[in-house]
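Chemist: Please find the sequence and the predicted model below.
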Amino acid sequence: MHKPFSILFVDDDEMSRTYFARAVQGLYPVHLARNADEAIDIFEEHGPDIAVLVTDFRMPVSCG
């Protein structure tokens, strides 16, 4: 059985991440990242399974 695709949600606001995860809970696997650096780490590990990327429009600049 093929596992469903997952979503990567990137936002520096904790409440936004929490609400998004709750909204899609049970529908799709969700990966949450606080910034671009965390998102890149998640892509390196789960990239082939991620079909949707949702990002905040304004976030702090990446450090790495």
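Modeler: That came in fine, so what should we check first?

Chemist: what's stretch 50-62 in contact with?
Modeler: Stretch 50-62 is touched from outside by 5-13, 16, 20, 31, 35-37, 39, 42-43, with contacts defined as Cβ atoms under 8 Å, 6 or more residues apart in numbering. Where C-beta positions appear, they are placed from N, C-alpha and C, glycine not excepted.

Chemist: Swap in 7 Å and give it another go.
Modeler: For stretch 50-62, contacts defined as Cβ atoms under 7 Å, 6 or more residues apart in numbering pick out 5-12, 31, 35-37, 43.

Chemist: cool, and stretch 19-26?
Modeler: For stretch 19-26, using Cβ under 7 Å, 6+ apart, the contacting residues are 7, 9, 30, 32.

Chemist: can you rerun that using 10 Å?
Modeler: With contacts defined as Cβ atoms under 10 Å, 6 or more residues apart in numbering, stretch 19-26 is touched by 6-7, 9, 11, 13, 30-32, 52, 54.

Chemist: For this protein, just list every one of the helices.
Modeler: For the chain, the helices defined by DSSP state H occupy 14-24, 36-46.

Chemist: quick revisit: which ones among the contacts of stretch 19-26 map onto strands?
Modeler: Judged by DSSP state E, strands contain the following of the contacts of stretch 19-26: 6-7, 9, 30-32, 52, 54.

Chemist: And those residues, which two are furthest apart?
Modeler: Between any two of those, the greatest separation by Cβ to Cβ is 13.1 Å, found for L32 and V52.

Chemist: Who is V10 paired with across the strands?
Modeler: Beta-bridge partners of V10, counted by DSSP bridges, are A33, T55.

Chemist: so it touches I42, yeah?
Modeler: Yes: counting by Cβ atoms under 10 Å, V10 touches I42, with 8.7 Å between them.

Chemist: what's the burial count for N35?
Modeler: Other residues lying near N35 total 17 when counted by other Cβ atoms under 10 Å.

Chemist: ok, it touching V10?
Modeler: Yes: with contact defined as Cβ under 10 Å, N35 counts as touching V10 (7.2 Å).

Chemist: can you tell me how far I42 sits from Q25?
Modeler: 18 Å (Cβ to Cβ, to the nearest Å).
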